[in-house]
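Asker: Turn this into a model:
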Amino acid sequence: MPLDPRTPVIIGVGQHQQRVDDPLESPTAAAFIATAVRLAAEDAGLSSLEVVDSLRVVQFLSWRYRDPARFIAAELGISPRETAMTTNGGNSPQSLLNTTALEIQSGAADVVVLCGGETFRVRKRVRAAGIDLPWPVVDEDVKPQRMIGEELVMNHEIETSRKIWAPIQIYPMFETALRAASGRTPDEHMVHISELWSRFSHVAAGNPHAWLRTPLSPEEIRTVGPRNRMIGLPYPKLMNSNNDVDQSAAIIMCSVEAAERLGISRDRWVFPLAGTDCHEHNYVSERWDFTETPAIELGGKLVLDLAETSISDIEIIDLYSCFPSAVQLGARALGLSITQQLTRTGGLPFAGGPWNNYVMHAIATVVGELRERPTEKALVWANGGYATKHAFGVYSAEPSAHGFRHEYPQAQIDALPRRQPVPIGESAGDATIEAYTVMHDRDGNPERAIAACRLPSGGRAWGDSENADVCAAMCDGEWVGRSVRLDDAGGLLL
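Answerer: Below is the predicted model:
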């Protein structure tokens, strides 16, 4: 059966990294990302990028261009009719690909570059040295030609008032809730997740694009020490996303008609079969349970249905992996075993976590594998926020008979039950801990306990304490399910 000429197809992928000792020797962020685009063009066999009609950039944090695609296009010497930038979130690369596939299929776009990256390692070293980079500073009035994506407010005012807003605080809370639900002791659970992370490190060791390529044993990952300090209980440093990287990636997509016109070899083609986008209730304070992610379950099942496949038929899987709890939540919702190979890159701690753009690397890696194993299918799950925003993609070297399919099942998720956040002043009294962490300082000392607490009313309140005795006590044993009291200021009283 002949292919619809508007069928979207991936024709080129590129991944790039640098490790410069002198940050002043680094190329600009735009030039650094442009290198990944050139690699993608080389991968596709494209002799020129002048055919690109849209250049779309995943928003990055290490330098502010306002309209970064315009600067990347200038580095490439091209003038696409459209430049665009995504909203923030680790879901952005997959969401951007979903949007692009729909627009290619409809005829609104033809040859499109998706790209992104971070020079965060350079940025950190510049700050530490107290020097300025001679990179272009762009006027505040410059705006992106187009913004793509859904910008969500993901912190409730109660959370921000308590300074509960960082992923390194919240993902450990998911972990303690998952641990308690499993029935494992803290020590048993630490073995469980260190074994998971050790498997990820071994995948990174075999990935030529990974940032850290030393395979680590479970003991090395879970043992706290000077080079692996505790950050947010129960996570030492090696269980946290590694954002101290300089990495960029790019994907070139087009219609089948364009691929044929440009002479792209058929063995380079990989098809996005289906995609979904959705999000949990915006605020962690409103989630029904810290061990449940119904949007992953619904979005994941739906994308598989749209691709006319099942999870048991997916051979290549990459789950978002900023922290061990994210992988466990994703696997649980998708019906996957935690002992399966759930990463193709090695994950954000080992392959590298360039903020919003990790999944661009995951998709690029999956494309390479599908070219080598053309009879198989792949699933990518992207995550933004606090297991909040989700994007899914199913890929194959063989096209679907129905073209690319996409759905946004948000109305079903919004209708699900949600907890009532209870503000300070109304939360004093008895409570039960349902998730918690203890944040540690840079010397590895416990400095602040944070707990999500269930009130007798069923509402959720936040408690915290900087009391040394409270912090020390909550580092010992399991505290999920324990009764505590909250004072008038939201302080935890054991």
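Asker: could I get the helix-or-strand element of the chain with minimal mean pLDDT in PDB with only the CA atoms?
Answerer: Lowest mean confidence among the helices and strands of the chain (mean pLDDT, DSSP states H and E): helix 120-129, at a mean of 94. What follows is helix 120-129, C-alpha atoms only, in PDB (Å, rounded to 0.1, in the frame of the first residue of the first chain):
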ATOM      1  CA  PHE A 120      24.900  24.400  32.100                       C
ATOM      2  CA  ARG A 121      28.400  23.100  33.000                       C
ATOM      3  CA  VAL A 122      29.900  26.200  31.400                       C
ATOM      4  CA  ARG A 123      27.400  28.500  33.100                       C
ATOM      5  CA  LYS A 124      28.200  27.000  36.600                       C
ATOM      6  CA  ARG A 125      31.900  27.400  36.000                       C
ATOM      7  CA  VAL A 126      31.600  31.000  34.800                       C
ATOM      8  CA  ARG A 127      29.600  31.800  38.000                       C
ATOM      9  CA  ALA A 128      32.100  30.100  40.200                       C
ATOM     10  CA  ALA A 129      34.900  32.100  38.600                       C
END
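Asker: Contact partners for Val20?
Answerer: Taking C-beta atoms under 8 Å, 6 or more residues apart in numbering, we find Val20 in contact with 26, 122, 246. C-beta coordinates here come from the backbone N, C-alpha and C atoms, glycine included.
Asker: at 10 Å instead, please
Answerer: By C-beta atoms under 10 Å, 6 or more residues apart in numbering, the contact set of Val20 is 26-27, 119, 121-122, 125, 246.
Asker: Drop anything exposed from the residues you listed.
Answerer: 26-27, 119, 121-122, 125, 246 (16 or more other C-beta atoms under 10 Å).
Asker: Can you lay out those as a markdown table showing distance to Leu370?
Answerer: Putting the buried ones among the contacts of Val20 into a markdown table (distance: C-beta to C-beta, whole Å) gives the following:
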| residue | distance to Leu370 |
| --- | --- |
| Ser26 | 33 |
| Pro27 | 31 |
| Thr119 | 29 |
| Arg121 | 30 |
| Val122 | 33 |
| Arg125 | 37 |
| Asp246 | 27 |
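Asker: What is the most widely separated pair among those residues?
Answerer: Spatial extent of those (C-beta to C-beta) is set by the pair Pro27 and Arg125 at 14.7 Å.
Asker: Leaving out chain neighbours, which residue sits closest to Gln410?
Answerer: Cys278 (5.4 Å; C-beta to C-beta, 6 or more residues apart in numbering).
Asker: Next, find the distance separating that neighbour from Pro417.
Answerer: When distance is defined by C-beta to C-beta, to the nearest Å, Cys278 is 17 Å away from Pro417.
Asker: And for Asp318?
Answerer: 31 Å.
Asker: So those two - more neighbours on which side?
Answerer: Comparing Asp318 with Pro417 by other C-beta atoms under 10 Å, the one with more neighbours is Asp318, at 27 against 10.
Asker: Make sure that one is indeed in a helix.
Answerer: No - counting by DSSP: H, G, I helix; E, B strand; the rest coil, one finds Asp318 to be strand, located in no helix.
Asker: Next one, pLDDT for it please.
Answerer: Turning to Asp318, the model gives it a pLDDT of 98.
Asker: OK, contacts around it?
Answerer: 203, 341-345, 347, 351, 358-359, 361-363, 365-366, 369, 378-382, 393.
Asker: Now do the contacts for Gly335.
Answerer: So Gly335 contacts 297, 300-301, 304, 310-312 (C-beta under 10 Å, 6+ apart).
Asker: go on, Ala435?
Answerer: 170, 172-180, 284, 287, 289-291, 325, 450-454, 460, 479-480.
Asker: Now Arg213: closest residue in space, sequence neighbours ignored.
Answerer: Leaving out its chain neighbours, Arg213 is closest to Ala205 (C-beta to C-beta, 6+ apart), at 5.0 Å.
Asker: Distance of that neighbour relative to Ile314?
Answerer: With the distance defined as C-beta to C-beta, Ala205 ends up 24 Å from Ile314.
Asker: same thing with Phe174?
Answerer: 24 Å.
Asker: wait, isn't the residue nearest to Gln410 in contact with His406?
Answerer: No - applying C-beta atoms under 10 Å as the test, Cys278 and His406 come out as separate, 11.3 Å apart.
Asker: Give me the more crowded residue out of those two.
Answerer: Per other C-beta under 10 Å, whichever of Cys278 and His406 has more neighbours is Cys278, with 26 against 19.
Asker: about what we covered before: look at the residue nearest to Gln410 and report its pLDDT.
Answerer: 98.
Asker: Can you give me every residue that contacts it?
Answerer: Cys278 neighbours (C-beta under 10 Å, 6+ apart): 91, 150, 294-296, 298-300, 302-303, 389-392, 407-414.
Asker: SS state for it?
Answerer: Assignment for Cys278 (three-state DSSP): strand.
Asker: Am I right that Asp289 is in a helix?
Answerer: No - according to three-state DSSP, Asp289 belongs to no helix; its state is coil.
Asker: any idea how far Gly458 is from it?
Answerer: Relative to Gly458, and taking C-beta to C-beta, Asp289 is found at 12 Å.
Asker: what touches both of the two?
Answerer: Common neighbours of Asp289 and Gly458 (C-beta under 10 Å, 6+ apart) are Arg419.
Asker: Which one's more surrounded, those two?
Answerer: Remark: of Asp289 and Gly458, Asp289 carries more neighbours, 14 against 9, as counted by other C-beta under 10 Å.
Asker: how many neighbours does Ala204 have?
Answerer: 23.
Asker: give the contact list for it.
Answerer: Contact analysis of Ala204 by C-beta under 10 Å, 6+ apart lists 210-216, 343, 345-347, 349-352.
Asker: Kindly list the main-chain dihedrals of it?
Answerer: Phi and psi for Ala204, reported as degrees, to the nearest 10, are phi -60, psi -40.
Asker: Give me the nearest residue to it, chain neighbours excluded.
Answerer: Per C-beta to C-beta, 6+ apart, closest to Ala204 is Gly346, 2.4 Å.
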